[in-house]
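**Student:** Here is my input; please provide its structure:
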Amino acid sequence: MNRVKSVRGYLVRQGIEEKRIDVKSYAGDKPKTKGLTEEERAKNRRVEMRILHQ
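**Tutor:** Model prediction:
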């Protein structure tokens, strides 16, 4: 969740209103890989964003 909060903070500092940012954390619920190696675990440490409207 810290990574998500960091990205949210960055976006707010760039001028995006906080009320326009919706945060969802999936933690280990939606991994991109099984995470057996450090390289695979690194792929799972990510923040995904969708732009909903301007």
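
**Student:** Run a quick neighbour tally on residue 7.
**Tutor:** For residue 7, the tally of surrounding residues (other C-beta atoms under 10 Å) stands at 15. Every C-beta, even on glycine, is put in place using the N, C-alpha and C of the backbone.

**Student:** Can you read off the pLDDT for the nearest residue to it once chain neighbours are set aside?
**Tutor:** Among residues not flanking residue 7 along the chain, residue 47 sits closest, at 4.8 Å (C-beta to C-beta, 6 or more residues apart in numbering). For residue 47, the pLDDT comes out at 83.

**Student:** Let me know the helix or strand that residue 47 is in.
**Tutor:** Per DSSP states H and E, residue 47 falls between elements, in no helix or strand.

**Student:** need the contact list for residue 32.
**Tutor:** For residue 32, the contacting residues are 43-44, 46, by C-beta atoms under 8 Å, 6 or more residues apart in numbering.

**Student:** tell me which of the residues you listed is nearest to residue 6?
**Tutor:** residue 46 (12.4 Å; C-beta to C-beta).

**Student:** Wait, residue 12 touches residue 18, no?
**Tutor:** Yes - between residue 12 and residue 18 there is a contact under C-beta atoms under 8 Å: 5.2 Å.

**Student:** what about the two, which has more around it?
**Tutor:** residue 12 (13 against 9).

**Student:** What residues sit buried inside the helix or strand encompassing residue 9?
**Tutor:** Element membership for residue 9, per DSSP H and E: helix 2-13. Judged by neighbour count using 16 or more other C-beta atoms under 10 Å, the buried positions of helix 2-13 are 4, 8.

**Student:** And it, what does it pack against?
**Tutor:** With contacts defined as 3 or more C-beta pairs under 8 Å, 6 or more residues apart in numbering; DSSP states H and E, helix 2-13 has no helix or strand neighbours.

**Student:** Give me the distance from the next helix or strand after that helix to the chain's centre.
**Tutor:** Scanning forward in sequence from helix 2-13 by DSSP H and E, the next helix or strand is helix 38-44. How far helix 38-44 lies from its chain's middle: 15 Å, per C-alpha atoms, centre = their mean, to the nearest Å.
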